[in-house]
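Novice: Test case, fold it:
(2 chains)
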Amino acid sequence: MAECTQQIGMVGMSHKTASVETRECFAFDTAVLESFVDNAKKNNIDEMVYIATCNRMELYFVSSQIEEAMQSVVQLLEQFAGLKREQFEPVLYKKFHKDVIRHLLCVASSLDSMVIGENEIVGQVKNWYRWAAVHKTTGPILNKLFHQAFRTAKRIRTQTEIARNPLSIAFIAVELARKIFDDLASSSVLLVGAGEMSELILKYLTKFKIGTVILANRSLHNAQRIATEINRDATIIPLSEIIDVIPEVDIIITSTGSHEYILTRDMITEHIKKRSQPLFLIDIAVPRNIEPAVSTIHDVFLYNIDNLKSIADENLKNRIHETKLAMELIDADAEDFLHWYQSLEIVPLIVSIQETFSTIRNEELQKYRRRKLKHLSDDDFAIVEELTNQIMSKTLHIPISYLKDLSDNYHKKESKEKTKLLQEMFKR
Amino acid sequence: MTLLVYLTFFTFIITSVYSILSIHRDASSYIRVTKVAIIVAIILLFFQGCFLYKTIAHAYKINIFTFFYLIVVFLSLLLLFMSISRWKDDFRALSAIITPLITVIYGISLLFYGSNRFMAIEPNHNLMLIHIVLSLLGEVLFFIAFASAVLYLVVSWQLQKKSSMKFIYRFPSLGVLNRLTNFSLAHSLAFFSAGIAIGIIMLFEVYHNISLGSPKEILMYAVWCILLIVWIIAHSKITSNFYVSIITIVAFVIVIVLFIATNVVITTGFHSFR
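Specialist: This is a model prediction of the structure:
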């Protein structure tokens, strides 16, 4: 029984091992992939899922002859990628059994990603798994493994802070805005000047359906360009008028080349009196456009580029710290999957016991039919058949239940020994 | 009954610990325990209510412990309602501040357990019950306004401090907290006004007078005036949300001090608890 057990393997390359030039050779389109899958099936590969993202290419497979299957997969990769084996084999990682389980859980949970905790990877893995399921290249083992991976990814997202704190400065600014204002749709933003970062923040705010957009710029043409880029109706005003609109806006992003403060504490103090809502100021400019003393006014929140950067650094530290907890969850889930996977070894034993008893029953019934029960009609004999079947089922119910209990605890040495004994008993 | 009272107090302590842990450790398991503990506390309060009802029904009077008990019941039910209403996303942060305060109120009430300071109930008038329920709802909502105002200052302080988002994420946004403060203040004033109006009608029908001039009445009118001033300030938007929060906190503290002073320090002769 042990030699026919199916095993899991994987082969792949990622941003950690291979250059983009190498990785792109293995990004197969679906037509090529279909052909790849057909070839794989002919090479003792029973189940297979291919994953390709901008950062990785991985192939998960199940085979009863795992070593040979691994060789076949590498050969197929050589054939389909159009590269010589020695060109890509050094950057390939090959994993078997427990390492595969752990690796997939890490990948789906974005612990192996370029940006730890990013959101996209689980969706990409789901898409590729769906593709494999539709093309019927998955089976019970990979189905179970991938569903476990999705569950683990969800668990890590909800039970750790790994994906919660943003790392991009623009996104941090938007998240802060969302922590200040109840509803961005009813808030307004004033962008003073232009710059890559400030425009990015504005784009994110637009994505979150910010209400009114006011653009203040030295060049009206530049302001018009920004409005076109964000695809929004915006009020365009000259720089000299920004003071007049301060009472109307909730968020001000400054990014001008001015060497003097364009917004001072006195200006803000004067205007904050006319409003009850908080004011969020993002000063991206260097040298700064807003007097730092503004941050001492109540309900005015001033963040400059260094403040945002230090939050990004802090968030990154938090994510790295959270990976420890995430790894603990992965280890626990990988262990659970492994128990289930190992318990599969008991299934053939259960089938074997049922077959042994059924064969004995059939043989004895036929023997009696020919001799002592030949006087019975077909209907009466059917009743005897039914009776013996019932007796057999009920007799086997207890040992089979016991075996199922053993399979739940198959990781324990004692369970394995008992299973081995039963295997010997029912060897045919 | 005594065992039930202490068991409830113990449950509230557990609720408070878990609600604070849920915000400190940011683990969803803690908030689940908090919700379960609140439900357990409400069940225990219900059984207590069965005992207390006997006293009320037989003697037509409630003691100071029962008065605190009713506040705790309303607050617990309101908190439970928050966990399933539109405030559910902010339940964790709100429970972290409300449950410890409920525990404190309940703890104070234990000092009056078995107290012989009673407030007579007018048994022949149905408006009495409505008057008590509306007034208590007004007080409880004022308490919620206080809690959200405190949270507003905490979040505002965190944002000013420019600390990591790890902590800020666990709290509701300033906008939500301000909305909750205004909502609670407006409803508190409405319930309290209705409670007072019902009280006046009842007095007129029973005593043919709209005021007995009792210290209890004076206290209610004082609380109502404070509430009205705070609501006008919040509603008119004449100052920033930050100062509205401070004013709400100060007003609530004044009300509490008045309440404690009248009910605890002056032990006789002030109002109906005698």
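Novice: what's the distance between the residue in chain B positioned nearest to chain A and residue A:24?
Specialist: Going by CB to the nearest CB, chain A is nearest to residue B:175 of chain B, at 2.5 Å. For the C-beta atoms, the positions are set from N, CA and C on the backbone; glycine is no exception. To residue A:24, residue B:175 is 46 Å away according to CB to CB, to the nearest Å.
Novice: The two: who's more crowded?
Specialist: residue B:175 (22 against 13; other CB atoms under 10 Å in any protein chain shown).
Novice: ok, and the closest non-adjacent residue to that one?
Specialist: residue A:182 (2.5 Å; CB to CB, 6 or more residues apart in numbering or on different chains).
Novice: Tell me the secondary structure of that neighbour, please.
Specialist: Three-state assignment for residue A:182 (DSSP: H, G, I helix; E, B strand; the rest coil): coil.
Novice: Give me the below-cutoff pLDDT ranges for chain B.
Specialist: Low-confidence segments of chain B (pLDDT under 70): B:26-27, B:55-62, B:117-125, B:164, B:263-274.
Novice: Okay, strands next: where are they in it?
Specialist: Along chain B, the segments classed as strands by DSSP state E run B:61-63, B:118-120.
Novice: same question, chain A
Specialist: Under DSSP E, chain A gives strands at A:7-14, A:47-52, A:56-63, A:93-96, A:188-193, A:212-216, A:235-237, A:251-255, A:279-283, A:300-304.
Novice: Select, out of these, the one closest to chain B.
Specialist: Between the strands of chain A, strand A:300-304 lies closest to chain B; by CB to the nearest CB that is 5.0 Å.
Novice: Are that closest one and chain B in contact anywhere?
Specialist: Yes: contact of strand A:300-304 with chain B (CB under 8 Å from any CB of the partner chain) involves A:301, A:303.
Novice: quick revisit: and the residue of chain B closest to chain A, what does it touch?
Specialist: Applying CB atoms under 8 Å, 6 or more residues apart in numbering or on different chains to residue B:175 gives the contacts A:180, A:181, A:182, A:183.
Novice: quick one: the first one and residue B:158 touch, right?
Specialist: Right, the one you point to is residue A:180. No: using CB atoms under 8 Å, residue A:180 is not in contact with residue B:158, being 11.1 Å away.
Novice: More neighbours: those two, which one.
Specialist: residue A:180 (23 against 17).
Novice: Please work out how many residues are found near residue B:86.
Specialist: 9.
Novice: and it, how far is that from residue A:266?
Specialist: For residue B:86 relative to residue A:266 (CB to CB), the value is 40 Å.
Novice: So residue A:330 sits against residue A:108, correct?
Specialist: No: the criterion here is CB under 8 Å, and residue A:330 misses it with residue A:108 at 9.6 Å.
Novice: Now for the two: what residues contact both?
Specialist: Common contact partners of residue A:330 and residue A:108 (CB under 8 Å, 6+ apart): residue A:152.
Novice: For burial, what's the neighbour tally of the closest residue in space to residue A:277 that isn't next to it in sequence?
Specialist: Nearest non-adjacent residue to residue A:277, counting by CB to CB, 6+ apart: residue A:250, 6.0 Å away. The local packing of residue A:250 (other CB under 10 Å) involves 22 other residues.
Novice: so who does residue A:250 touch?
Specialist: If a contact means CB under 8 Å, 6+ apart, then residue A:250 has A:180, A:181, A:187, A:188, A:189, A:277, A:278, A:279, A:280 as its contacts.
Novice: Pull up the gap between the last one and residue B:156, please.
Specialist: Read it as residue A:280. Taking CB to CB, one finds residue A:280 at 12 Å from residue B:156.
Novice: Counting neighbours, go ahead and name the busier of those two.
Specialist: residue A:280 (25 against 20).
Novice: Let me have the contacts of residue A:250 in a markdown table, extended by pLDDT.
Specialist: Compiled in a markdown table, the contacts of residue A:250 are given as follows (pLDDT from 0 to 100):
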| residue | pLDDT |
| --- | --- |
| A:180 | 90 |
| A:181 | 88 |
| A:187 | 89 |
| A:188 | 91 |
| A:189 | 91 |
| A:277 | 86 |
| A:278 | 90 |
| A:279 | 91 |
| A:280 | 92 |
